[in-house]
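build me a model from this:
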Amino acid sequence: MTNKTAADREAPLTDDILLAERVAFLLERASTRQLWMMFLDADDVQCPMLMPCAGLPADPAQPAGTGGTGPVTAAQLLGSRVAELLDGTALAQVVFAWERPGGSRPDDRERAWARELADACTGAGGRVRAQFLVHDRGVRPLTPDDYR
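Got it, this is the predicted structure:
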């Protein structure tokens with residue numbers, strides 16, 4: 001992709017089209033199953049951090065330990081960590097990109113993770129700006145209708 005806006009890291013990503021172009025520019029197509037986290041500041045500018053997260057359990061409701069109120073799931077643990085990162089830095093919002101080989105249609109695993117992680121982040125005080133599915137042919141936005 002040669003779109004200057006997608007390549008210009010300091011350009012604000014003020015709408016979902018620009019955000020999708022940036023994700024496509026950075027990740028292009030899927031090669032393995034993993035989650036990517038991209039962070040934006042309060043002005044919608046991408047922070048110089050693109051964080052991969054591989055090895056997530058298939059089930060986001062899998063127990064991952066205990067918290068102050070009892071058992072926590074894998075999604076709750078990750079969501080609380082993302083919210084802490086947003087709260088403790090100049091980062092204001094997170095973008096999740098679910099990478100995996102295959103077609104552009106989200107499967108049950110992606111839908112469950114997208115739903116549970118969005119709920120966990122929001123419940124912990126974090127702002128999820130958008131979610132995407134990175135597949136064999138490119139990038140597809142995941143809307144709440146895809147995973148609710």
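
and the residue sitting nearest the centre point of the chain, which of the three is it?
For the chain, the residue whose C-alpha lies nearest the mean C-alpha position (Cα atoms, centre = their mean) is residue 96; its distance is 0.8 Å. State at residue 96, reduced to three classes by DSSP: H, G, I helix; E, B strand; the rest coil: strand.

isn't it up against residue 133?
No: the pair residue 96 and residue 133 does not pass the contact test of Cβ atoms under 8 Å, sitting 9.8 Å apart. Just so you know, the C-beta spots here come from the backbone N, C-alpha and C atoms, and that holds for glycine as well.

could you pull out the strands for the protein?
With DSSP state E, the ranges of strands along the chain come out as 34-41, 46-53, 63-67, 70-73, 91-99, 128-135, 138-142.

name the helices or strands packed onto the shortest one?
By that I understand strand 70-73. Helices and strands touching strand 70-73, by 3 or more Cβ pairs under 8 Å, 6 or more residues apart in numbering; DSSP states H and E, are strand 63-67.
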